[in-house]
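Colleague: Okay, predicted coordinates and the sequence, questions at the end:
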Amino acid sequence: MTERQILLVKKTWRLFQGINPTTTGDAFYSKLFADKPALRKMFPAGMNEQYRKLFDMLTAIVVRLDKLDQMSDEIEAMAKRHVKYGVKAAHYQYVGNALLWTLEKGLGSDWNHEVKGAWTVCYNLISEKMIKSAYA
């Protein structure tokens, strides 16, 4: 990622954090399950804890985005946990689509082509690392 892309992701994440995590989590998972209903069975009936985990994980990644090499072990461990939950490499595309959609809705007028590009590069970078770690 370029310095500009990292800056955009960090800046827009700070804005996005002003939204209630339950609201954003519900929007994200509603989009994910609408796009790929079969994924719903991989999650608990009550999703509030899952919403928090998603928000916390994204925050941890964004905060250290300019030092991702320091997160390699954490990203690998997360990827391996996801395999145990039944996550397949193909599922990452649905998650990425749901994430970008949720960010777009949450950021409103702060979402633009450049921000979308930065978040796309960010997500692709992390998901590729996770897929390599999980399915190597």
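Modeller: Received, thanks.
Colleague: contacts and neighbour counts: CA atoms only from here.
Modeller: Will do.
Colleague: Which neighbouring residues are in contact with the nearest residue to Lys116 once chain neighbours are set aside, exactly?
Modeller: In space, and not counting its chain neighbours, Lys116 is closest to Leu100: 7.3 Å by CA to CA, 6 or more residues apart in numbering. Applying CA atoms under 8 Å, 6 or more residues apart in numbering, we find Leu100 in contact with Lys116, Trp119, Thr120.
Colleague: how about Leu100, phi and psi?
Modeller: phi -60, psi -40 (degrees, to the nearest 10).
Colleague: what does the helix of greatest length in the chain contact?
Modeller: Identified as the longest helix of the chain according to DSSP state H is helix 113-135. Contacts with helix 113-135, where a contact means CA under 8 Å, 6+ apart, come from 1, 5-6, 8-9, 12, 75-76, 78-80, 83, 89, 92, 96, 100, 104.
Colleague: Report the buried members of those residues.
Modeller: 5-6, 8-9, 12, 75-76, 79-80, 92, 96, 100, 104 (16 or more other CA atoms under 10 Å).
Colleague: Okay, and which of those residues map to strands?
Modeller: Within those, no residue falls in strands by DSSP state E.
Colleague: any weak-confidence spans in this structure?
Modeller: Counting by pLDDT under 70, the chain shows no low-confidence range.
Colleague: residue ranges for the helices of it, please.
Modeller: For the chain, the helices defined by DSSP H cover 3-16, 21-35, 48-63, 72-84, 91-107, 113-135.
Colleague: got TSV for those, with distance to Met42 too?
Modeller: Shown next, in TSV, are those (distance: least, CA to CA, whole Å):
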stretch	distance to Met42
helix 3-16	26
helix 21-35	10
helix 48-63	11
helix 72-84	10
helix 91-107	12
helix 113-135	17
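Colleague: which stretch among the ones you listed comes nearest Lys41?
Modeller: Closest approach to Lys41 among the helices of the chain is made by helix 21-35 (9.6 Å; CA to CA).
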